[in-house]
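> Let me see the structure of the following:
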Amino acid sequence: MSDAVPHKPVPTPRRKPKPAAGEINGRKLNPATMMMGHGFDPVLSEGSLKPPIFLTSTFAFENAAAGKRHFEGITGKRPGGAEGLVYSRFNGPNQEILEDRLSIWDGAEDALTFSSGMTAICVMMLAYCAAGDVIVHSGPLYAASEGFVAKVLSKFNVTYVDFPAGASREELEAKLEQAKDQAAANGGKVAMVYLESPANPTNALVDIEAVREARNAVLGEDAAPIAIDNTFLGPLWQRPLEHGADIVVYSLTKYVGGHSDLVAGSLAGAKKWMDPVRALRNTMGGIVDPNTAWMLMRSLETVELRMQRAGENAAKVCAFLANHDKVEGLGYLGMIADSRQQDIYDRHCLGAGSTFSVFIKGGEAESFAFLDSLKIAKLAVSLGGTETLASHPAAMTHLSVPDERKAALGITDNLVRISVGIEDADDLIADFDQALSQV
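All right, here's what the predicted structure looks like:
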């Protein structure tokens, strides 16, 4: 008979329940501190300091009654959702820990993760829209977001009304009245107000507070959720839920992931707004996979450090570009010329970010010459990574947007989008200087 001590079974490999508040001696902990361990108990996973990657498609129930109870939550027969782990299309340990931590940054009650930012946006819109409904949205939007509304949802008789990013409350109320009448004529409702601020790629800001006031005045409080894509500034430099948004949207691929090595997305907000989206995600799938969720937890530990360094670099780079004779202008939130946009920035933003537009003197040929001459910065789409990226929206990310629409939104042939990384700022300035000399 072996003298070895039998392996002691451990509890189900779950995170511990979320604490009521992260605090010590009455001091509320900073989100950067809570990223190191919130939502996970090493005791439940063999003492592992970091959460393991749980590569499993299904989870064993402790008994049949528990299985029934979990499925009652999943299917909506009982409010509150699943009380435990069920199946990896619905939930999993890595995904739940990640969602707990993401909700902290925006002060949200609940969060959901997805396989991409566009998956998050599409599932959310489908969860709230029915035939005859109208979506009211700001402009410009990321081309795929705008295309989904205009080209895909339109197949199901969902229409839209758009407004410029800097619209005043009066202008917003007029647009909402138009949408309300349009919905009534089609036998529907205004299903959602969807914002992107700062807008991609112009950095135009939306007055979230004015949107909420207009929504409440025209449609009634909470009549249609206000969702906002906060990818350019979040989660460090803007907290939209504090200014009137109901749902905050992220491409986690960008700053949160931060290393250009994953694709994911998320939503966060009150549970009442998340529940319909969770129910549709349970049916459609699209939840982020365990490995990507684990990588995002890694990235959340340094997101504040990375974004701070990138923001400092961007300020130095833009100070150089602003005075360059080959540069016509900058779309940088640290150098706003418009008083309306400056007012929105002062009320809503905590920092200028590190993604901006530079307008090269000339057109497409001059912009391409600049891009092709870069040596440190990489010619690639996306943003928010540790490396500096440069792209040409009119010919790349927004190529599918009709020319007249691009012109109206200021997406011109001489606009180059820059996402500054964490390299040495002086090295980046030298790179931009030599590239501009080729224009």
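> What's the local residue count around the nearest residue to L252 once chain neighbours are set aside?
Excluding its sequence neighbours, the residue lying closest to L252 (CB to CB, 6 or more residues apart in numbering) is A264, at 4.0 Å. (C-beta placed from N, C-alpha, C; glycine too.) Look at A264: counted by other CB atoms under 10 Å, it has 27 neighbours.
> distance of A264 from S48?
According to CB to CB, to the nearest Å, A264 stands 22 Å off from S48.
> Excluding sequence neighbours, find me the nearest residue to I53.
W294 (4.7 Å).
> all strands of the protein, in order?
23-24, 27-28, 110-114, 134-139, 159-164, 190-196, 226-229, 247-251, 265-269, 327-331, 355-360, 378-379, 389-391, 415-419 (DSSP state E).
> Of these, which shows the lowest average pLDDT?
Ranked on mean pLDDT, the bottom entry among these is strand 23-24, at a mean of 84.
> which ones are touching A191?
Neighbouring residues of A191 by CB atoms under 8 Å, 6 or more residues apart in numbering: M125, Y128, C129, A130, D133, V134, I135, V158, A224.
> among the residues you listed, which ones are buried?
Among the contacts of A191, those scoring as buried are M125, Y128, C129, D133, V134, I135, V158, A224 (criterion: 16 or more other CB atoms under 10 Å).
> you'd agree the residue nearest to I53 is up against N94?
Yes. Proximity of W294 to N94 meets the contact threshold set by CB atoms under 8 Å, at 5.2 Å.
> Find residues that contact each of these two.
Counting by CB under 8 Å, 6+ apart, the residues touching both W294 and N94 are P51, I53.
> Compare these two and say which is more crowded by neighbours.
N94 (27 against 23).
> Which residue, other than its chain neighbours, is closest to the more buried one?
Closest residue to N94 apart from its sequence neighbours, by CB to CB, 6+ apart: A293 at 3.8 Å.
> In this structure that neighbour contacts Q95, no?
Yes. Using CB under 8 Å, A293 is in contact with Q95, at 4.9 Å.
> so what's in contact with the two at the same time?
Common neighbours of A293 and Q95 (CB under 8 Å, 6+ apart) are T113.
> how long is stretch 396-405 end to end?
Taking CA to CA, to the nearest Å, the first and last residues of stretch 396-405 lie 15 Å apart.
> I meant stretch 182-200, not that one.
Stretch 182-200 has an end-to-end distance of 27 Å (CA to CA).
> Pull out the buried residues from it.
Buried residues in stretch 182-200 (16+ other CB under 10 Å): 182-183, 188-200.
> For D372, state which of those residues is nearest.
Taking CB to CB as the measure, D372 lies nearest N200 of the buried residues of stretch 182-200, at 22.7 Å.
> Distance check, that closest one against N94.
As judged by CB to CB, N200 and N94 stand 29 Å apart.
> quick check: longest helix of the protein.
Ranked by residue count, the top helix of the chain under DSSP state H comes out as helix 303-321.
> Could you name the helices and strands sitting against that helix?
helix 31-34, strand 327-331, strand 355-360, helix 425-436 (3 or more CB pairs under 8 Å, 6 or more residues apart in numbering; DSSP states H and E).
> beta partners for the residue nearest the centre of the chain?
Nearest residue to the geometric centre of the chain (CA atoms, centre = their mean): Y250, 1.0 Å. Counting by DSSP bridges, Y250 is bridged to S266.
> D133: what's it in contact with?
Contacts of D133 (CB under 8 Å, 6+ apart): V158, T159, A183, N186, G188, K189, V190, A191.
> measure the last one to I135 for me?
The reference is to A191. For A191 relative to I135 (CB to CB), the value is 6 Å.
> same deal with the fourth one?
Distance of N186 to I135, given as CB to CB: 12 Å.
> can you list residues touching both of the two?
The contact lists of N186 and I135 share T159, where a contact means CB under 8 Å, 6+ apart.
> residue ranges with poor pLDDT in the stretch 201-350 of the chain?
Judged by pLDDT under 70, the stretch 201-350 of the chain has no weakly predicted residues.
> The same query, at a cut-off of 90, please.
Scanning the stretch 201-350 of the chain for pLDDT under 90 picks out 222, 234.
> To what extent is the closest residue to F163 other than its chain neighbours buried, counted in neighbours?
Spatial nearest neighbour of F163, chain neighbours left out: K175 (4.6 Å); criterion: CB to CB, 6+ apart. By other CB under 10 Å, 22 other residues sit near K175.
> Let me see the ranges of the helices in the stretch 151-300 of the chain.
169-185, 208-218, 271-284, 290-300 (DSSP state H, counting those that start in this stretch).
> Which one of the ones you listed lies nearest to T113?
Nearest to T113, of all the helices of the stretch 151-300 of the chain, is helix 290-300, at 6.5 Å by CB to CB.
> and that closest one, what other elements does it pack with?
Under the contact definition 3+ CB pairs under 8 Å, 6+ apart, helix 290-300 sits against helix 93-106.
> tell me the mean pLDDT for the helix it packs on?
On average, helix 93-106 scores 96.
> packing partners for it?
helix 31-34, strand 110-114, strand 265-269, helix 290-300.
> Redo these as JSON lines? Include distance to E387.
Formatted as JSON lines, the helices and strands packed on helix 93-106 follow (distance: least, CB to CB, whole Å):
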{"stretch": "helix 31-34", "distance to E387": "22"}
{"stretch": "strand 110-114", "distance to E387": "24"}
{"stretch": "strand 265-269", "distance to E387": "21"}
{"stretch": "helix 290-300", "distance to E387": "14"}
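> and the ones you listed, which is most packed in?
strand 265-269 (a mean of 27; mean count of other CB atoms under 10 Å).
> Touching, M34 and I104? I think so.
Yes. If you go by CB under 8 Å, M34 and I104 touch, sitting 5.5 Å apart.
> got any residues that touch both of those two?
The contact sets of M34 and I104 overlap at G22 (CB under 8 Å, 6+ apart).
> any idea how far the residue nearest to I53 is from A279?
25 Å.
> Could you do A365 as well?
A365 is 51 Å from A279, by CB to CB.
> out of these two, which sits in the more crowded spot?
Each of A365 and A279 has its neighbours counted (other CB under 10 Å); A279 has more, 15 against 12.
> Next, the contact list for that one, please.
G76, A127.
> What does the pLDDT read for A407?
88.
> Show me how this structure divides into domains.
Residue ranges of the domains in the chain are recorded as 93-300, 303-436, according to automatic domain parsing.
> highest average neighbour count across those?
domain 93-300 (a mean of 21).
> Between the two ends of it, what distance do you get?
OK, domain 93-300 end separation, CA to CA: 16 Å.
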